[in-house]
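# coordinates only, sequence not included:
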């Protein structure tokens with residue numbers, strides 16, 4: 001096993017609704033999706049974001065499109081109209097998640 005940043009394995013997009021941010025990881029291929037589905041867990045995502053995500057993390061697998069839908073609750077300081085955060089709409093959350101390191105098989 002070795003570790004890689006998710007940016008080496010997938011694309012990502014993010015959006016928001018109020019104080020909830022959604023990040024979608026799109027694996028480059030079937031094999032990589034299997035690694036992401038196994039290694040990107042709610043616990044690891046929550047630990048990666050630390051105090052930025054105060055609520056629950058939920059992950060919904062979408063194997064038909066090699067994707068994980070990740071929901072970050074209480075992650076935007078109350079939402080765009082209530083927060084003083086620099087990125088009040090969560091657009092940079094996908095980039096932040098792409099920096100997370102996960103274990104991957106050699107080769």
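Thanks, I have it. None of these values were measured; they are calculated from a predicted model.

# now for the closest residue to residue 73 other than its chain neighbours: which residues touch it?
Take residue 73 and drop its neighbours on the chain: the residue closest to it by C-beta to C-beta, 6 or more residues apart in numbering is residue 55, 3.2 Å away. Just so you know, the C-beta spots here come from the backbone N, C-alpha and C atoms, and that holds for glycine as well. Residues in contact with residue 55 (C-beta atoms under 8 Å, 6 or more residues apart in numbering) are 19, 72, 73, 74, 75.

# please apply the same query to residue 54.
73, 74, 75.

# 7 Å instead, please
residue 74 (C-beta atoms under 7 Å, 6 or more residues apart in numbering).

# the residue nearest to residue 73 should be in a strand, yeah?
No: counting by DSSP: H, G, I helix; E, B strand; the rest coil, residue 55 is not found in a strand; it is coil.

# residue most distant from the centroid, the chain?
residue 107 (23.8 Å; C-alpha atoms, centre = their mean).

# what is the subsequent helix or strand relative to the top helix by length along the chain?
Counting residues, the longest helix found in the chain (DSSP state H) is helix 30-39. Downstream of helix 30-39, the first helix or strand assigned by DSSP states H and E is helix 42-49.

# thank you, goodbye.
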